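1. What follows is a protein structure lacking sequence information:
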């Protein structure tokens, strides 16, 4: 019998003979850091004062809800004085169909996004053709072609710009959209000596979801909270790890979606528009579950709450802010920027946390901050920001 050695046996069986182990290649390059290059906001021209809204709601629903006087204190307890709307207050008093609402959404969303984007680019001294990617976030209307494609017909972005429209994140969209934009900037920067620049664009026209023919408690409470607005954030994946002096850097990001929580927050599709869905138990949910989710996220990145110098939070409402202050061990009023945005603009869904970021950015961020927002899913979004 022919005696074959192991390599010969493999050759005889038709198997390839392994060669010498390849020399280890260079370690994969670390993704470039992403810095905050600017942040700007825009609000529509119609100003709604809370006392005026109360009078209109009382007149509209007084005969259809015998308990309307019991619900109206929610307007005074919301911590809101003024909001901005893309339509005058008289528009809300008459029923409107889905097609009309969505047309208003598209037209006004593009106007606000253009205003915010131009202001953000002006801060950085850049023109539209310097932008490599657009991440556009919204949940209060539907646009196909998407909002970013329509915006390109208004502003002179390059025709090869990378586009990522994001729908359905609700109030969490400001934080999660920012994280997605940072990841896109890092991806686009691979192999480029000049890095990559991405605009994160967020717009929500929550007021358009109010339905005059819906006397439900959720619709009435929504009338006490929601406002309209847009924001633009410039992110740059810096070449060679170089960061501009005084700039803020985006650190780790994450999210957590609780099981069996789809009914906590969201929209329900109705024949005449979007019907608001939110649970009165949201503050209790924050008290019970937000802390462990935050600690798990921070621990995954070798951090604890002791390493956090400040918080940039989506102010969903006065009770939500109060619950977050307790969870984070802050005194009442500790989230002053969030309370100030809520007072002046109301709850603009995903946009609101970026209004808070703008205020703190203008005031001079210093230290390590945790951005948080809660949205449908029920989902918490996290983003570390270091300045």
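-> Cool, got the structure. This structure is a prediction, so every number in the text was calculated from the model and none was measured. Numbers count the residues shown, from 1 in each chain.

2. Show the backbone phi and psi for residue 70.
-> For residue 70, the backbone dihedrals are phi -70, psi -30 (criterion: degrees, to the nearest 10).

3. Quick one: residues contacting it.
-> For residue 70, no residue meets the contact criterion (CB atoms under 8 Å, 6 or more residues apart in numbering). C-betas here are computed from N, CA, C, even on glycine.

4. Residue 69 too?
-> residue 58.

5. quick one: it is in a helix?
-> Yes: per DSSP: H, G, I helix; E, B strand; the rest coil, residue 69 lies within a helix segment.

6. Report the separation between it and residue 163.
-> Computed as CB to CB, to the nearest Å, the residue 69 to residue 163 distance reads 49 Å.

7. elements contacting the helix ranked longest in the chain?
-> Using DSSP state H to define each element, the chain has its longest helix at helix 98-124. Packed against helix 98-124 by the contact rule (3 or more CB pairs under 8 Å, 6 or more residues apart in numbering; DSSP states H and E) you find strand 34-42, helix 147-151, strand 196-205, strand 228-237.

8. need the next SSE after it, C-terminal direction.
-> Per DSSP states H and E, helix 98-124 leads on to strand 133-138 as the next helix or strand towards the C-terminus.

9. what's that following strand in contact with?
-> Contacting residues not belonging to strand 133-138 are listed as 109, 113, 146-148, 151, 157, 161-167, 169, 173-174, 176-177, 180-181, 184-185, 188, 196-204, 350 [CB under 8 Å, 6+ apart].

10. Could you pick out the buried ones from those?
-> 109, 113, 146-148, 151, 157, 161-167, 169, 173-174, 176-177, 180-181, 184-185, 188, 196-204, 350 (16 or more other CB atoms under 10 Å).

11. Now do the end-to-end distance for stretch 305-321.
-> Using CA to CA, to the nearest Å, one end of stretch 305-321 lies 18 Å from the other.

12. just to revisit the earlier point, can you tell me the average pLDDT over the longest helix of the chain?
-> Per-residue pLDDT over helix 98-124 has a mean of 96.

13. quick one: it to chain centroid distance?
-> On the basis of CA atoms, centre = their mean, to the nearest Å, the separation between the geometric centre of helix 98-124 and that of its chain is 16 Å.

14. what angle do it and strand 133-138 make?
-> Orientation check (axes from the mean of the first three to the mean of the last three CA atoms, to 10 degrees): helix 98-124 against strand 133-138 gives 140 degrees.

15. Pull out the buried positions in helix 98-124.
-> Within helix 98-124, the residues that count as buried by 16+ other CB under 10 Å are 101-102, 104-106, 108-121.

16. Repeat that for stretch 363-373.
-> Using 16+ other CB under 10 Å as the burial criterion, the residues of stretch 363-373 that qualify are 365, 368-373.

17. between those, which is nearest residue 92?
-> Sorting those by how near they are to residue 92, with CB to CB, puts residue 373 at the top with 26.2 Å.

18. for the stretch 151-300 of the chain, which spans come out with low pLDDT?
-> 240-246 (pLDDT under 70).

19. And the helices in the protein?
-> 6-12, 50-61, 68-71, 73-77, 98-124, 147-151, 173-189, 217-223, 282-285, 291-300, 318-327, 336-345, 352-363.
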